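Visitor: build the 3D model from these lines:
(chains A and B)
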Number of protein chains: 2
Amino acid sequence: MVNHPVKHLVDGVPADTVPVSNRGLAYGDGLFETVLFRGHTPVLWELHYERLVLGCKKLALDLPANQEQQLLAHCGQLLEENNPLSSIIKIMVIRNSNGRGYRPSPTAGVQTIISLYPAPDYPERWYTEGVNLWACQTRLSVNSQFAGIKHLARLEQVMASMEFSESEYQEGLMFDTDLKVIECTRSNIFFEIGDHLITPALDHAGVEGTMRAAILDCEKQLGIRISVQPVNLGDLVKAHGGFVCNSAYGIWPVRAVHLAEDKMLSWQQGSMTKMLQNHFYQTLELGVCLE
Amino acid sequence: MVNHPVKHLVDGVPADTVPVSNRGLAYGDGLFETVLFRGHTPVLWELHYERLVLGCKKLALDLPANQEQQLLAHCGQLLEENNPLSSIIKIMVIRNSNGRGYRPSPTAGVQTIISLYPAPDYPERWYTEGVNLWACQTRLSVNSQFAGIKHLARLEQVMASMEFSESEYQEGLMFDTDLKVIECTRSNIFFEIGDHLITPALDHAGVEGTMRAAILDCEKQLGIRISVQPVNLGDLVKAHGGFVCNSAYGIWPVRAVHLAEDKMLSWQQGSMTKMLQNHFYQTLELGVCLE
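Guide: Alright, predicted model coming up:
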């Protein structure tokens, strides 16, 4: 499915283009967030904005103090004009350009680009029966300086996405160059092992997803034990179930993981996965009603 | 010094902007080359185009068969209109966009963006007396899939460039996450150790510079022994001289390397460095006359 953006605001002004000299284009020198909106209400907004602020700190991007209000006002403006029931707004924050060369001006501010897309419409069976994962050969680089944040330099995800057929595999599982299990191309991952959940630590590679953060936040409330830890292939093989998650679709149980030509893991639908799906359906209307 | 581009061609058509949906901007999904032109003559063109072709292969970018002639024709068009004595042309090759999402269309072709910039005018003393290097804390990620090629995802170089003052340090020396010496932010590096030169192997991290390739190509002709090998901090400390190089400035001897607050390496101007400087001044007019 190809989603054509219906509208963009560049620094708050309607525009479909950016200058060729844009540092996001030249060097990936910026960050992005993709936020699900229900009408005019952003889902998991605090977590998105928190990650954006952390990313700006890590990249020394100078986010103005009133940026949050301004971003929300710009999102509201796009939504007002288009009036969708449900949508994805992509927010890019990019370091301003000062000519050719890696070194930015020390006083370079940031540019914001906001784009409205229709919310994707995923098949109900991906929520009820689960999805298939393809274990990608493309590795995530290990670099703690850039781990966790959602910067624009995402070539690894692009190349990993090209490894599998969309019709057979809904997501690609990614390992880092140390062969630790990290995440999927556009999702985080949780495994059911015994009576608890495990999700990979992301301090050396990966993106700390907002849905992942929301799940970690409700651990106590739901009486689930979740361990954030390094995960290797052995842990993966020990799992009897699991799920992938992101803020656009919520939670999909995983039913199979294609590891290699002769090695396919088949997973049961776990009780904790279902409990979390129900929780986020009830609290955020993410996913489908399972009962 | 801020260089303002004077002209761009996007797919051969004069344009200053690209669509917000550009995949270079969204994901760093493309490659670039910065080529020095003397009048209408590109310097080291074969090496630039060879790296571009290799990069397209690694990223599964579909470079048309006649792309080389077309790129040179477009460069010629920009130069014709501007008629500079000396210039830098930046060539970007970007995967065409097909809407939001990492996965590209399997049949996506490429877009080319060509930008003309004035050639930088570096101080003569950087060629004669040498330059100072700052050892950066920002690490290069280790990932053989993306090593060697000049892709658009260059956040590491951006962050490294911000670590040092331009007035005191002309380049930043970069290590990878395994603490191997790899390159500088926009240059490759060679060390004089004993009677031969050493330059870091770039099969796990770094960009294989065209000037580096040209130097490796003239090893036999000049009777120099050059070893391409992993380089660690110990090797760096053993060096008595060395130089940095790229295709825009040629070769700068290194006179000092700032490793840490209390640790500065001082290097002699080595005989092999001078021989190479002379060679490329005579053959390509790169640098300044040293005699």
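
Visitor: burial of the nearest residue to residue A:148 once chain neighbours are set aside, as a residue count?
Guide: Excluding the flanking residues, the one nearest residue A:148 by CB to CB, 6 or more residues apart in numbering or on different chains is residue A:208, at 4.4 Å. Using the backbone N, CA and C atoms, a C-beta is placed for each residue, glycine as well. The number of residues packed around residue A:208, counting by other CB atoms under 10 Å in any protein chain shown, is 20.

Visitor: so residue A:157 is in contact with residue A:187, correct?
Guide: No: Residue A:157 is not in contact with residue A:187 according to CB atoms under 8 Å; the separation is 10.6 Å.

Visitor: ok, those two, which is more surrounded?
Guide: Neighbours were counted for residue A:157 and for residue A:187 using other CB under 10 Å; residue A:187 has more, 27 against 24.

Visitor: which one is that one nearest to, not counting chain neighbours?
Guide: Residue A:187's closest residue in space is residue A:244 (CB to CB, 6+ apart), at 4.0 Å.

Visitor: did I read that right, that neighbour in a helix?
Guide: No: the assignment for residue A:244 (DSSP: H, G, I helix; E, B strand; the rest coil) gives strand, which keeps it out of a helix.

Visitor: that one pairs with what?
Guide: Beta-bridge partners for residue A:244, by DSSP bridges, are residue A:189, residue A:252.

Visitor: so how far is residue B:236 from the residue nearest to residue A:148?
Guide: Computed as CB to CB, to the nearest Å, the residue A:208 to residue B:236 distance reads 35 Å.

Visitor: next: residue A:139.
Guide: Applying CB to CB to residue A:139 and residue B:236 gives a distance of 27 Å.

Visitor: of those two, give the one with the bigger neighbour count.
Guide: Taking neighbours as other CB under 10 Å, residue A:139 and residue B:236 compare with residue A:139 leading, 24 against 21.

Visitor: quick check: nearest residue in space to that one, chain neighbours excluded?
Guide: Closest to residue A:139 by CB to CB, 6+ apart is residue A:177, at 4.6 Å.

Visitor: ok, that neighbour - contacts?
Guide: A:139-142, B:141-143 (CB atoms under 8 Å, 6 or more residues apart in numbering or on different chains).

Visitor: surely the residue nearest to residue A:187 and residue A:191 touch.
Guide: No: with contact defined as CB under 8 Å, residue A:244 does not reach residue A:191; the gap is 10.5 Å.

Visitor: between the two, which one's more packed in?
Guide: residue A:244 (28 against 24).

Visitor: mind telling me what element the residue in the stretch 151-291 of chain A that chain B sits nearest to is part of?
Guide: Nearest residue of the stretch 151-291 of chain A to chain B (CB to the nearest CB) works out as residue A:153 at 3.3 Å. Using DSSP states H and E, residue A:153 is not contained in any helix or strand.

Visitor: tally of neighbours for it?
Guide: 24.

Visitor: quick one: the helices in the stretch 101-250 of chain A?
Guide: A:125-128, A:155-161, A:210-217, A:219-222, A:233-238 (DSSP state H, counting those that start in this stretch).

Visitor: comparing those helices, which stretch has the densest surroundings?
Guide: Mean neighbours per residue, mean count of other CB atoms under 10 Å in any protein chain shown, is largest over the helices of the stretch 101-250 of chain A for helix A:155-161, with a mean of 24.

Visitor: quick one: mean pLDDT for that one?
Guide: The average pLDDT for helix A:155-161 rounds to 98.

Visitor: same check on stretch A:254-263?
Guide: 95.

Visitor: pull the CA atoms of that stretch into PDB?
Guide: C-alpha atoms of stretch A:254-263 as PDB (Å, rounded to 0.1, in the frame of the first residue of the first chain):
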ATOM      1  CA  VAL A 254       4.300 -13.300  16.700                       C
ATOM      2  CA  ARG A 255       3.400 -16.800  15.500                       C
ATOM      3  CA  ALA A 256       6.500 -17.700  13.600                       C
ATOM      4  CA  VAL A 257      10.100 -16.500  13.200                       C
ATOM      5  CA  HIS A 258      12.000 -17.600  10.100                       C
ATOM      6  CA  LEU A 259      15.600 -17.900  11.300                       C
ATOM      7  CA  ALA A 260      17.100 -19.700   8.400                       C
ATOM      8  CA  GLU A 261      16.100 -22.000   5.500                       C
ATOM      9  CA  ASP A 262      15.800 -25.000   7.800                       C
ATOM     10  CA  LYS A 263      15.000 -23.200  11.100                       C
END
